[in-house]
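K.L.:
Sharing a model that was predicted from the sequence below.
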Amino acid sequence: MVSISLCMIVKDEEATIERCLNSVKDVVDEINIVDTGSTDRTKEIVSKYTERVYDFKWENHFAKARNFSFERATKEYILWLDADDVFLEEERRKLAELKENLDPSIDSVTMKYILGMDENGNITSVIRRNRLVKRSNGFKWHGMVHEYLEVGGNILNSDISLTHLSEKHDHDRNLLIYEQQLKEGNPLTIRDLFYYANELKDHQQYEKAIDYYEKFLSSGKGWVEDNIVACGRLADCYHHMGNHEKELDAVLHSFKYDIPRPEFCCRLGYHFLNKEEYHTAIHWYKQAIQCEVDDENWGFKSPSFNTWLPNLQLCVCYDRIGDYDMAYHHNEIASQYRPNDPSILHNKTYLESILFTSNVNAGSADGC
């Protein structure tokens, strides 16, 4: 069995840190907490779990803090978490089993990172990340914001999931870090162009976000998955600005990087639905359902776009062309994912009334 050091950087995490540590304390062999300036009870809480608590002067650079935390580790492997992450019970069991059986030749273990779930327990956003790495390899973090861990070697893609359950978020922090860098005349890396554009979009600075998404895409140097995401978010910006032709161009630009992804098929379906070109919309929504999604792909995935959402939209399309049987069929599929969705429940009642009336009339005609 291998040994594991948990390494975390924290600041003012009293609301979530205990939940996080409770979910992993019985699996790891060592807990290293790097505090970057807490003023709440964070350090008091973590002291119940470990004596290995270190202070680190915050320098507006996440990679520096992460690397400092990794340098504190003494065990064979390093597991890194954020304070608002948690291993649910089944995933904690899988982690313990992985620790028991991990081949020491493995350099890094990736895990699914669940970023969002809806009220029905459906995953809305998930990504895969290197989560457990061999300490002796000396892997380093890079990036002042949205940092990444550069790894290599023998990588195992596990079926373990880690869930992000955020209680708070400093919405301005990352944007301010980027703007300070620009103010000081420090150039942004290609990766930073993408993430700065994301921050601008999230702050509804759409014109400026478009400019940076275009700079990122035109560089030709972005990671393909970031390029695809950038196309979607560029389309969002144009949508908010009411420029639907540019929105369509951004969607189609995503096809330059890969076969059509479900979210872009749904965007095209929505485009043609709004133009009342229902048969074309039906084609793209069906394409979204049929898209194969690679579970080991490292990009952001939103399962809604090939499950309940296109089926709900197909219900709308078929209703518009008068095919109520197919409308009902797709609404029923959507209900398997969102059984309490008001729109789906409304559709069910509405379509059943039409189909019941149609069947009654057909029965009356047969009896004549």
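P.N.:
Thanks, I have the structure now.
K.L.:
which residues does residue 108 contact?
P.N.:
Taking CB atoms under 8 Å, 6 or more residues apart in numbering, we find residue 108 in contact with 130, 132, 133, 134, 139, 151, 153, 154, 155, 156. C-beta coordinates here come from the backbone N, C-alpha and C atoms, glycine included.
K.L.:
Farthest pair within these?
P.N.:
Greatest spatial distance among the contacts of residue 108 (CB to CB): 139 and 156, at 14.6 Å.
K.L.:
Those two: who's more crowded?
P.N.:
Neighbour totals were compared for residue 139 and residue 156, and residue 139 leads with 19 against 15 (other CB atoms under 10 Å).
K.L.:
Quick check: pLDDT value at that one.
P.N.:
We have a pLDDT of 98 for residue 139.
K.L.:
hang on, the earlier thing: the contacts of residue 108, buried ones only, as a ChimeraX selection?
P.N.:
Buried members of the contacts of residue 108, defined by 16 or more other CB atoms under 10 Å, are picked up in ChimeraX with:
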select :130,132,133,134,139
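K.L.:
Make TSV out of the contacts of residue 108 and add secondary structure and distance to residue 221.
P.N.:
Shown next, in TSV, are the contacts of residue 108 (DSSP: H, G, I helix; E, B strand; the rest coil; distance: CB to CB, whole Å):
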residue	secondary structure	distance to residue 221
130	strand	21
132	strand	29
133	strand	26
134	strand	29
139	coil	22
151	coil	20
153	coil	24
154	coil	27
155	strand	23
156	strand	29
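K.L.:
Take the contacts of residue 108 and lay them out in CSV including distance to residue 210.
P.N.:
Output for those, formatted as CSV (distance: CB to CB, whole Å):
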residue, distance to residue 210
130, 31
132, 38
133, 37
134, 42
139, 35
151, 33
153, 39
154, 41
155, 35
156, 39
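K.L.:
which among the contacts of residue 108 gets closest to residue 178?
P.N.:
residue 130 (24.0 Å).
K.L.:
isn't that closest one right up against residue 151?
P.N.:
Yes. Using CB atoms under 8 Å, residue 130 is in contact with residue 151, at 5.0 Å.
K.L.:
if we can go back for a sec, so which of the contacts of residue 108 is the closest to residue 208?
P.N.:
residue 130 (31.8 Å).
K.L.:
contacting residues around the closest one?
P.N.:
108, 109, 110, 149, 151, 155.
K.L.:
what's the answer for residue 34, then?
P.N.:
7, 8, 9, 10, 54, 55, 56, 65, 68, 69, 72.
K.L.:
Alpha carbons of the helix or strand that contains it, in PDB - could you do that?
P.N.:
With elements taken from DSSP states H and E, the one containing residue 34 is strand 30-35. The C-alpha coordinates for strand 30-35 follow below in PDB (Å, rounded to 0.1, in the frame of the first residue of the first chain):
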ATOM      1  CA  GLU A  30      -0.500  13.100   6.500                       C
ATOM      2  CA  ILE A  31      -2.300  16.400   6.300                       C
ATOM      3  CA  ASN A  32      -0.500  19.600   5.300                       C
ATOM      4  CA  ILE A  33      -2.400  22.900   5.500                       C
ATOM      5  CA  VAL A  34      -0.900  26.100   4.100                       C
ATOM      6  CA  ASP A  35      -2.800  29.200   5.300                       C
END
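K.L.:
Tell me the first helix or strand C-terminal of it.
P.N.:
That would be, after strand 30-35 and using DSSP H and E, helix 42-46.
K.L.:
distance between that following helix and the chain's centre?
P.N.:
29 Å (CA atoms, centre = their mean, to the nearest Å).
K.L.:
One more: stretch 277-287?
P.N.:
26 Å.
K.L.:
Report the mean per-residue pLDDT for it.
P.N.:
Rounded mean pLDDT across stretch 277-287 is 98.
K.L.:
So which bits of that stretch are buried?
P.N.:
Here stretch 277-287 shows 278, 280, 281, 282, 284, 285, 286, 287 as buried, counting by 16+ other CB under 10 Å.
K.L.:
rewinding a little: let me know the closest of the contacts of residue 108 to residue 312.
P.N.:
residue 130 (35.3 Å).
K.L.:
Make CSV out of the buried residues of stretch 277-287 and add secondary structure and distance to residue 82.
P.N.:
Shown next, in CSV, are these (three-state DSSP; distance: CB to CB, whole Å):
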residue, secondary structure, distance to residue 82
278, helix, 45
280, helix, 43
281, helix, 40
282, helix, 42
284, helix, 37
285, helix, 36
286, helix, 38
287, helix, 36
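K.L.:
any idea which of the residues you listed is closest to residue 1?
P.N.:
So of these, ranked by how close each gets to residue 1 (CB to CB), first place is residue 287, at 46.7 Å.
K.L.:
what about stretch 108-126, start to end distance?
P.N.:
This stretch, stretch 108-126, spans 19 Å end to end (CA to CA, to the nearest Å).
K.L.:
Next, the buried residues of it.
P.N.:
Buried-residue list, stretch 108-126, by 16+ other CB under 10 Å: 108, 109, 110, 111, 112, 113, 114, 115, 123, 126.
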